[in-house]
Each structure stands twice: as C-alpha cells, then as structure tokens.
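Student: let's see this in three dimensions:
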Amino acid sequence: MSGQKRKKVSDSVVTMTELVLPHHTNQLGNLLGGQLMHWIDICAALSAAKHSQRVCVTASVDKIDFHHPIKLGNAVTLIASINRAFKTSMEVGVKVFAESLIEGTKIHSNTAYLTFVSVDENARPVKTFEIVPETEDEKRRFEEALQRRKFRLEKRSNSD
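Tutor: Numbering: from 1, shown residues only. Here you go, the predicted model:
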C-alpha cells in the first residue's frame, strides 16, 4: 500500500456504545477495568482499520486513568479516531463517556491512547495512509501524538 494517499481524521471516527451488565461489574457494581480496556482496544482497532484499510494489531497502550467509576446500567460510549499516522503505525485516541440514562447524566470518564500497526496477509507491517488534521482540536492532537511517540521511543530505547 502506498503511503501517499491522504485521509481526514474525520474519516477514521468510530463510535461504540455498550450497556454495563452484571457480568461486566465487580463486587461494588462498577465496570471492571479490564472490560473497559477490552472495549477501548476494539474501538481503537476499528478506527485504525478504517483508516488503513488493513487489519491492525495493537502495538502499545498508553496509561489509562480511571477518573470516575462506571456503574451497572450505565451506557458507555467510546469514540475513537486517528491522532497521527506514521510509516506503519498510527496513534488512536479514545474518549470514554459514561451515561446514566435514568438520571440523565453524562461524564467523560476516560481517555486512552493506543498505537496500532497495519499488517498484510502475512502479519508483516505495511505502510499506512497519511492523516490530515483539519480542526484546531485535530491539529492539537496531531502535534501531541508526536510528543507521545517520542516519549515512547525514548522509554523503549532506555529500557534495552
């Protein structure tokens, strides 16, 4: 795949909504962190695949903070989009919102950044498309993604 084709950030947006059911919760009636991470990974993978038009594999997950508990019965909406595309990898940002349909409240509960690599039929990395940020928010996220990538690469080289 040539990396010459350019795509808009808006073309990579994926929105998923899940309902927190009893088997998704801990003893306190809160959504299990691992379940949320699973949903984040799926939503981000779909966004990466939508952008690259390839199967994409998770290369890394940055820190995920849990700001607010998500309760049994809440609707969880995950919104993913590509922040920046590199040669074969892409940083995907995922925003998570918890909504109580009964109370009529909605909170931004989590943000996560994941790196995906697009692969061919033999699971080898292949070039992906360039991403074109258009809005001010997309441009900010585009620049911040480069800083996070530099930090990840420095951290990796220092741990060798």
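Student: and the lowest-mean-pLDDT helix or strand in the chain, what's buried?
Tutor: For the chain, using mean pLDDT, DSSP states H and E, the weakest element among its helices and strands is helix 136-158, scoring a mean of 91. Neighbour counts using 16 or more other Cβ atoms under 10 Å place 138, 141-142, 145, 148-149, 152 of helix 136-158 among the buried residues. (Glycine included, C-beta is placed from N, CA and C.)
Student: ok, now stretch 111-124?
Tutor: When burial is assessed from 16+ other Cβ under 10 Å, stretch 111-124 yields the following buried residues: 112-119.
Student: how about residues contacting the least confident helix or strand of the chain?
Tutor: Helix 136-158 has contacts (Cβ atoms under 8 Å, 6 or more residues apart in numbering) with 9, 60, 62, 83-84, 86, 91, 93, 113, 115, 131, 133.
Student: strands - which of those residues land there?
Tutor: Applying DSSP state E to the contacts of helix 136-158, the entries found in strands are 60, 83-84, 91, 93, 113, 115, 131.
Student: weed out the non-buried ones from those residues.
Tutor: Neighbour counting over the ones in strands among the contacts of helix 136-158 (16+ other Cβ under 10 Å) leaves 83-84, 91, 93, 113, 115, 131 as the buried ones.
Student: what stretches of this structure score poorly on pLDDT?
Tutor: Where the chain drops to pLDDT under 70, the residues are 1-4, 160.
Student: at 90 instead, please
Tutor: For the chain, applying pLDDT under 90 flags the ranges 1-5, 62-67, 151-160.
Student: can you show me the helices along it?
Tutor: Counting by DSSP state H, the chain has helices at residues 33-52, 136-158.
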